[in-house]
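>>> Build me a model:
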Amino acid sequence: MKGLYKKISDTELLFAQEEIIYPSGLNIHVAQFTESNKEINGWRLFENRQEALNYYDINEITDIR
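Below is the predicted model of the structure:
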């Protein structure tokens with residue numbers, strides 16, 4: 001899903017579709033990402049989750065039972 005992604009560990013991403021609102025009053029909105037590869041406070045805009053996983057070189061582990 002298109003939106004904002006932020007890497008928080010070697011295996012985890014945070015996701016926000018439209019906007020991030022910090023308690024400090026900082027707001028980050030998807031409309032602010034007009035340039036490719038722009039980063040704001042660790043957040044980047046990607047077309048989908050797989051694109052973000054590839055960019056951050058995260059291999060998502062799926063449950064194999």
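>>> The nearest residue in space to G3 that is not next to it in sequence and T11: what is the separation?
Nearest non-adjacent residue to G3, counting by C-beta to C-beta, 6 or more residues apart in numbering: Q17, 4.1 Å away. (C-beta placed from N, C-alpha, C; glycine too.) Relative to T11, Q17 is positioned 21 Å away (criterion: C-beta to C-beta, to the nearest Å).
>>> okay, those two: which has more neighbours?
The neighbour count for Q17 versus T11, taken as other C-beta atoms under 10 Å, is higher for T11 (12 against 9).
>>> wait, isn't that one in contact with I58?
Yes - applying C-beta atoms under 8 Å as the test, T11 and I58 come out as touching, 6.1 Å apart.
>>> Which residue ranges of the chain form strands?
3-7, 13-16, 19-21, 27-29, 44-46 (DSSP state E).
>>> Now tabulate those in JSON lines and tack on mean neighbour count.
Formatted as JSON lines, the strands of the chain follow (neighbours: other C-beta atoms under 10 Å):
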{"stretch": "strand 3-7", "mean neighbour count": "20"}
{"stretch": "strand 13-16", "mean neighbour count": "14"}
{"stretch": "strand 19-21", "mean neighbour count": "14"}
{"stretch": "strand 27-29", "mean neighbour count": "14"}
{"stretch": "strand 44-46", "mean neighbour count": "20"}
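>>> Reformat these as a markdown table; add mean pLDDT and distance to E35.
A markdown table is the format used below for those (pLDDT from 0 to 100; distance: least, C-beta to C-beta, whole Å):
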| stretch | mean pLDDT | distance to E35 |
| --- | --- | --- |
| strand 3-7 | 97 | 14 |
| strand 13-16 | 96 | 18 |
| strand 19-21 | 96 | 18 |
| strand 27-29 | 95 | 14 |
| strand 44-46 | 96 | 9 |
